[in-house]
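1. got a sequence here, can you build the structure:
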Amino acid sequence: SISLDIAFINPEEMDAEDVLASISTHSPYITFTDTLAFLGTIPAQENILFEGLFPFTVSDSIPGNHIITFNITTWLQQDQQESWQSAFNTVAYAPQLSIKSSMVLDAQHGNNNGILDPGETATLRFIIENKGQLASDELTMILDAAHPFVLSDNSQVQLQPVAAQGQRHADFQVTVNERI
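-> Predicted structure coming up:
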């Protein structure tokens, strides 16, 4: 959960009493657990920092470079007809993983033509690329050979985190039945 530290300014000549504030966003990746804050009194001509406001969570599926606009409305409890609006933007950073390429490595137990042939054991190598702004967590890649004549010696590979703008490879050993 993330919360915000926000400074509220009272530029008026009189204290603002019983001040309330609410927050909203149109981002589908943000979920607030509390959108209302009672700020109390903000003295005239003062700037007060409030910490831990408007707790929220961010979806694991948020894309990198997603701009989030937060809208804040402030009003006095005794005069809800008059309100003040403000907004600020922030950019989300996230990993952005994709399979950049794949290849068949069949030099050791095959004919080195880069193609899975009947009776051959080879390594399927997948290059995983992170075009995002943050490193990924550790990854688990699973190979599901949908054909009954292709067997995988290791259908699951654990990968260390992929650095931002970095790459890793995952290798799967497969054997193709001679009768395919």
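
2. partners of the least confident helix or strand in the chain by mean pLDDT in the sheet?
-> Sorting the helices and strands of the chain by mean pLDDT, DSSP states H and E puts strand 150-152 at the bottom, at a mean of 80. Using DSSP bridges, strand 150-152 pairs in its sheet with strand 167-176 (antiparallel).

3. so for the partner strand, mean pLDDT?
-> When pLDDT is averaged along strand 167-176, the result is 93.

4. still on that earlier bit, next SSE after the least confident helix or strand of the chain?
-> strand 156-159 (DSSP states H and E).

5. any idea which element Pro148 lies in?
-> Counting by DSSP H and E, Pro148 is part of no helix or strand.

6. contacts for the least confident helix or strand of the chain next, please.
-> Strand 150-152 is contacted from outside by Leu116, Leu143, Ala145, Phe172, Gln173, Val174, Thr175, Val176, Asn177, Ile180, using CB atoms under 8 Å, 6 or more residues apart in numbering. (C-beta placed from N, C-alpha, C; glycine too.)

7. Val176: neighbour count?
-> 21 (other CB atoms under 10 Å).

8. bridged to it, which residues?
-> Going by DSSP bridges, Val176 is paired in beta bridges with Val150.

9. re the thing from before, gap between the least confident helix or strand of the chain and the chain center?
-> Averaging C-alpha positions (CA atoms, centre = their mean, to the nearest Å) puts strand 150-152 33 Å from its chain's average.

10. ranges for the strands of this structure?
-> For the chain, applying DSSP state E gives strands covering 2-10, 16-24, 30-32, 36-42, 46-58, 67-76, 79-91, 97-105, 121-130, 139-142, 150-152, 156-159, 167-176.

11. which stretch among those strands comes nearest Asn112?
-> strand 97-105 (8.9 Å; CB to CB).

12. picking up where we left off before, okay, the contacts of strand 150-152 in a markdown table with distance to Pro55 next?
-> Formatted as a markdown table, the contacts of strand 150-152 follow (distance: CB to CB, whole Å):
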| residue | distance to Pro55 |
| --- | --- |
| Leu116 | 52 |
| Leu143 | 40 |
| Ala145 | 45 |
| Phe172 | 42 |
| Gln173 | 47 |
| Val174 | 48 |
| Thr175 | 52 |
| Val176 | 54 |
| Asn177 | 56 |
| Ile180 | 56 |
